[in-house]
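> got a structure for you, letters missing:
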């Protein structure tokens, strides 16, 4: 019988070359996840996990490697008792979500109320805001520049202090700043920004591996030349309402329902996405 985990002998340099090219396309595995163990020496091994995004999101990595480490330590101690079962499984969540949304033909259903909220929230929103630097290549992938910021503690402290003094979150401060920047570069006074949300609003979902992420359209109103604190107040008001409608209605269903004008040179509803990476760091502990 073949082992469940393939063990492949490989030279360390060859393994590094094999996994160095991050720009190489990753073929979808036959299963949502795949794993291989590469033996690079008598007592040296590298475990490679490939997890398709449809089977796990960024928040899944911490519980995934935590379970991996616990299972490894159990087997090192000669135990195969396994981890305690979660209260619910991902299939339970999927069934619950479908049942909660209800029927769109029922005006009192959750899905109808959420669609009604987003219709009003995004009424006459300018989906294409002419963001500077964005170009259309006609190909999949990243069109336009992607900017990653890694501010140190000194740079982040004033933003956090402003968030606390204005009863806002750090993300809201960053959103107001990005919207202001885009506005001053000619993107207009109505700035829609996309933002992913974890979708784990129930505590029972915190340790579950699965895809719960949804996308929100956060609209920022810069009309009337507001001060930054005034703008932050507007951002807070819109975002809190949006967060109350974040976890059930899938973004793709919202796009279908609103049916914005499609064009090959821009994404519907928003062109700029703001992401604050604040999920738990995934760190696996494997004793020797």
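On my side now, so go ahead. Only a predicted model underlies this, so the values are computations on that prediction, with no experimental measurement involved.
> the nearest residue to residue 7 once chain neighbours are set aside: which element?
Across the structure, with C-beta to C-beta, 6 or more residues apart in numbering as the measure, the residue nearest residue 7 apart from its sequence neighbours is residue 37 (4.9 Å). C-beta here means a position set from N, CA and C on the backbone, and glycine is covered the same way. Remark: residue 37 resides in strand 33-41, with elements defined by DSSP states H and E.
> list the buried residues for that strand?
Buried positions in strand 33-41, judged by neighbour count with 16 or more other C-beta atoms under 10 Å: 38, 40.
> which other helices and strands contact it?
On a contact count with 3 or more C-beta pairs under 8 Å, 6 or more residues apart in numbering; DSSP states H and E, strand 33-41 meets strand 7-9, helix 12-20, strand 44-51.
> ranking these by burial, who's on top?
Among the helices and strands packed on strand 33-41, the stretch with the highest mean neighbour count (mean count of other C-beta atoms under 10 Å) is strand 44-51, at a mean of 13.
> and it, what's its mean pLDDT?
With pLDDT averaged residue by residue, strand 44-51 scores 82.
> repeat that for stretch 210-228.
Here the mean pLDDT over stretch 210-228 is 94, rounded to a whole number.
> can you point out the buried residues in that stretch?
Buried positions in stretch 210-228, judged by neighbour count with 16+ other C-beta under 10 Å: 210-220, 222, 226.
> now distance to residue 107 and secondary structure too, for these, in a markdown table please.
Output for these, formatted as a markdown table (distance: C-beta to C-beta, whole Å; DSSP: H, G, I helix; E, B strand; the rest coil):
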| residue | distance to residue 107 | secondary structure |
| --- | --- | --- |
| 210 | 31 | coil |
| 211 | 30 | coil |
| 212 | 27 | coil |
| 213 | 28 | coil |
| 214 | 23 | strand |
| 215 | 25 | strand |
| 216 | 23 | strand |
| 217 | 23 | strand |
| 218 | 26 | strand |
| 219 | 24 | strand |
| 220 | 30 | strand |
| 222 | 34 | coil |
| 226 | 36 | coil |
